[in-house]
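K.L.:
Pasting the sequence and the predicted model now:
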Amino acid sequence: MEILTRWSLNLIATALLVSGAVSLLLSVIAHRLHRASASNPSFSALLFAAFAFSLLGFVTGELMSDSRESVVGTVIPAALTLLGGIAAYIVTSKGVREQAATSGILICFTFCLLVGSTLGIRLRVEYETELQDPARLGRQAVALQQNKLAVDLRRLQDFVTFTHLRDAFAQSDKIDLSGFKSSLEAPSATDLPPATPNKSQ
């Protein structure tokens, strides 16, 4: 089973590109706001935290929208709980400059959650459209017909082989096998004539 297909590589590249671009932009803005503060965090640490939350938001949104199960009622409350906890931390912090980094991470998560949800919806719609494609349905019907033909040919070959073996045994051992019927000769349910209604009732 091939895991790293072109489709999966495109999805992974999209997640990394969107998360990286959003986290880089918000990290630059938050780092500039923190420049005049004494507790100025390093740019690499801020970028790593923003990228982690961005990737988490993107993957969460994509899985939520592309899923065939009803996971919205589970994912959305969990996401809102996370955002509420971060918002409570921001409110209790002092000063706008100290809140810039946390606010940037919050924006990264929210924006990437939205982008991931949009991508997941698109992937789901494309998949369901592909299932109803007339060309695909035609190829599937032809494949089923070919499989049925192969089964019928195999049954015919088995019947011919059985007939030859029965005649060979009957001639070599002088045994009357005319009354022996195999499952290949037994009529199937589709070959039986339809039942006629009883007119005496």
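P.N.:
All right, it came through fine. Residues are numbered from 1 along each chain as shown.
K.L.:
Now whichever helix in the chain runs longest: average pLDDT?
P.N.:
For the chain, the longest helix by residue count, based on DSSP state H, is helix 134-173. Along helix 134-173, the predicted local confidence has a mean pLDDT of 84.
K.L.:
which helices and strands sit right next to it?
P.N.:
With contacts taken as 3 or more CB pairs under 8 Å, 6 or more residues apart in numbering; DSSP states H and E, helix 134-173 sits against no other helix or strand. In short, each C-beta sits where N, CA and C put it, glycine included.
K.L.:
Poorly predicted segments of the protein, please.
P.N.:
Segments of the chain classed as low confidence (criterion: pLDDT under 70) are 1-4, 34-41, 68, 70, 87, 90-91, 93-98, 177-180, 182-201.
K.L.:
From residue 164, how far out is the residue of the chain positioned farthest from its centre?
P.N.:
If you look at how far each residue of the chain sits from its centre, by CA atoms, centre = their mean, the farthest one is residue 174, at 63.4 Å. Counting by CB to CB, to the nearest Å, the gap from residue 174 to residue 164 is 17 Å.
K.L.:
number of nearby residues for residue 21?
P.N.:
For residue 21, the neighbour count with other CB atoms under 10 Å is 12.
K.L.:
Please name the spatially closest residue to residue 82 (chain neighbours excluded).
P.N.:
Taking CB to CB, 6 or more residues apart in numbering, and ignoring the residues beside it in sequence, residue 82 has residue 109 as its nearest neighbour in space, at 7.5 Å.
K.L.:
Touching, that neighbour and residue 85? I think so.
P.N.:
No - taking contacts as CB atoms under 8 Å, residue 109 lies outside contact range of residue 85: 11.6 Å.
K.L.:
So between the two, which is more surrounded?
P.N.:
The neighbour count for residue 109 versus residue 85, taken as other CB under 10 Å, is higher for residue 109 (27 against 10).
K.L.:
show me what contacts that one?
P.N.:
If a contact means CB atoms under 8 Å, 6 or more residues apart in numbering, then residue 109 has 53-54, 56-57, 82-83 as its contacts.
K.L.:
In those residues, which residue is surrounded by the most others?
P.N.:
Using other CB under 10 Å as the neighbour definition, these reach their maximum at residue 54, which records 31 neighbours.
K.L.:
Would you mind measuring from that residue to residue 17?
P.N.:
If you measure residue 54 against residue 17 using CB to CB, the figure is 11 Å.
K.L.:
Kindly report the same for residue 149.
P.N.:
48 Å.
K.L.:
And residue 32, by the same measure?
P.N.:
Residue 32 sits 23 Å away from residue 17, taking CB to CB as the criterion.
K.L.:
Neighbours of the residue nearest to residue 136 when sequence neighbours are not counted, how many?
P.N.:
With CB to CB, 6+ apart as the measure, residue 130 is the residue that lies nearest to residue 136, at 6.6 Å, once sequence neighbours are left out. Here the neighbour count serves as a burial measure; for residue 130 (other CB under 10 Å) it reads 10.
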